[in-house]
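Trainee: Compute the structure for the input listed below.
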Amino acid sequence: MAKLFVLLLFLGLQVQAQDTSYVRQPSATPTASSDNQLLASSADSLLLPQKMLFTQRIFWGPNGLLRAMQLAPLTLEGRQKELKVRQFMLITHKVTGYATLAGFLVQGILDLKLNKATGSNYDQLLSAQQMALTITNIAYGTTALLSLSAPPKRMADQKARSGVKLHKYLSIIHLTGFLATNILASQVSQHSELRPYRQVAGFTTLAAFAPALIALKF
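Mentor: Below is the predicted model of the structure:
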């Protein structure tokens, strides 16, 4: 259940959230305190994009955890450092993505071999597939976290490229397939009739994941 909860959380976090930060409006008789708050809010809006992922807002928003803990002050110099961190995290996101893709391929090959295996050969293949599933889950989770928790983009890059948009749409498909694959995998040992559905979920995940990686190049 814990694994399922984490995976479902990933699905919810994949949807972009609109900026819901509240900015105090100037009163009829502005005070020094309200003027300072308005200036600070205006400065924040120039450093951060209006749209951020919910997870990005938690860590990197104007009132995010890293800001409150003074680990990442919201300054021009700080944002320049954050963009370097973002670039590194997104490059690593691609690397772990290809590792995940390899894991999906290995699982698919082992799954096809399991259809014809019997006896001890079946047990060996099943054990190998379960190990591949565990490694792929770790790689997939790492890939998702790197994307969801990376610092927000620059203001100038707020308009997403067509490839990035396609990547996001495909991520919804492969994340759904990933959830279904894991849920069905936990039931196959007791309900062998679910194996074909697990295979369909696995190949659907692979079919969406591969072009999602390719889309990042455009």
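
Trainee: How many residues are close by residue 199?
Mentor: Using other Cβ atoms under 10 Å, the number of residues around residue 199 comes to 19. All C-beta spots, glycine's among them, are computed from the backbone N, C-alpha and C.

Trainee: Now do the buried residues in the top helix by length along the chain.
Mentor: Secondary structure of the chain read by DSSP state H shows that its longest helix is helix 76-114. Burial within helix 76-114, assessed by neighbour count using 16 or more other Cβ atoms under 10 Å, is assigned to 78-79, 82-83, 86, 93, 96-97, 99-101, 103-104, 106-108, 110-111, 114.

Trainee: The helix or strand immediately after it in the chain packs against which elements?
Mentor: Using DSSP states H and E, the helix or strand that follows helix 76-114 towards the C-terminus is helix 119-148. Applying 3 or more Cβ pairs under 8 Å, 6 or more residues apart in numbering; DSSP states H and E, we find helix 119-148 packed against helix 2-13, helix 76-114, helix 162-188.

Trainee: Select, out of the ones you listed, the one closest to residue 59.
Mentor: Proximity to residue 59 (Cβ to Cβ) singles out helix 76-114 among the helices and strands packed on helix 119-148, at 10.3 Å.

Trainee: Mind listing what's buried along stretch 116-130?
Mentor: Buried residues in stretch 116-130, defined by neighbour count with 16+ other Cβ under 10 Å: 125, 126, 129.

Trainee: One more: stretch 196-205?
Mentor: 198, 199, 201, 202, 203, 204, 205.

Trainee: List every C-alpha atom in it, with coordinates, as PDB.
Mentor: Taking only C-alpha atoms (Å, rounded to 0.1, in the frame of the first residue of the first chain), the coordinates of stretch 196-205 have been written out as PDB:
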ATOM      1  CA  PRO A 196      -2.100 -10.700 -20.400                       C
ATOM      2  CA  TYR A 197      -3.400  -7.400 -18.800                       C
ATOM      3  CA  ARG A 198      -0.100  -6.900 -17.100                       C
ATOM      4  CA  GLN A 199       1.700  -7.400 -20.400                       C
ATOM      5  CA  VAL A 200      -0.600  -4.800 -22.100                       C
ATOM      6  CA  ALA A 201       0.000  -2.300 -19.400                       C
ATOM      7  CA  GLY A 202       3.800  -2.900 -19.600                       C
ATOM      8  CA  PHE A 203       4.000  -2.500 -23.300                       C
ATOM      9  CA  THR A 204       1.700   0.600 -23.200                       C
ATOM     10  CA  THR A 205       4.100   2.100 -20.700                       C
END
